[in-house]
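1. below are the sequence and a predicted model for it; my questions follow.
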Amino acid sequence: MNGKLIILTLLTCSLQACSQQNSNTMNDTQNQTMPDSAHWRKLTPEEAYVIVNKGTERPGTGKYLYNDVKGIYTCRRCGAPLFTSHDKFQSECGWPSFDDAIDGAVKKIPDPDGERTEIECARCGAHLGHVFTGEHFTNKNTRYCVNSISMDFIPADSVKGNK
Ligand SMILES: [Zn+2]
């Protein structure tokens, strides 16, 4: 057999193998970069009204309004940690209030109403509420006014218990 032909055949085979490998790699990459939304919790209509449609729960009704247990408040939709009980305070405004957020967890954007500043989960964009400054409630002079329904709460005790 002609040596050139053998080399050509080998080369063609290896090229095919190579291109197959490439397409496999591409599929793997696609799987790895599956959108985060695949991991989001399914929302009830009440949750979606606030989290997706940027609604507001009725003042004084939220389940975390008077929660003073130590722990972490997470995004109801994607589970990202948002606030800690350390920064929670009673503003008597009708919604859970925090004077600080976990670094980088909350995105601030101008509200379409042209006056307020909306806050969203930085990871999934869930609507959380609004942030206000200059009210002098605390030394940080900031009030993150957050809908209870946009959050979950993880008590510090339960975290210890898992160790
Ligand atoms: Zn989120």
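-> On my side now, so go ahead.

2. give me the contacts around whichever strand in the chain runs longest.
-> For the chain, the longest strand by residue count, based on DSSP state E, is strand 127-133. Strand 127-133 has contacts (C-beta atoms under 8 Å, 6 or more residues apart in numbering) with 50-56, 75, 82, 95, 106, 108, 111, 116-121, 141-147, 150-151. C-beta here means a position set from N, CA and C on the backbone, and glycine is covered the same way.

3. in helices, which of the residues you listed fall?
-> Counting by DSSP state H, the part of those found in helices is 50-51.

4. how near is Ala48 to His136?
-> 35 Å (C-beta to C-beta, to the nearest Å).

5. about what we covered before: pLDDT averaged over the longest strand of the chain, what's the number?
-> Averaged over strand 127-133, pLDDT sits at 98.

6. paired strands for that strand, with orientation please.
-> Strand 127-133 has the following strand partners under DSSP bridges: strand 117-121 (antiparallel), strand 142-146 (antiparallel).

7. anything in the last one near the ion?
-> By that I understand strand 142-146. No. Strand 142-146 is not in contact with the ion by C-beta under 5 Å from the ion; minimum separation 12.4 Å.
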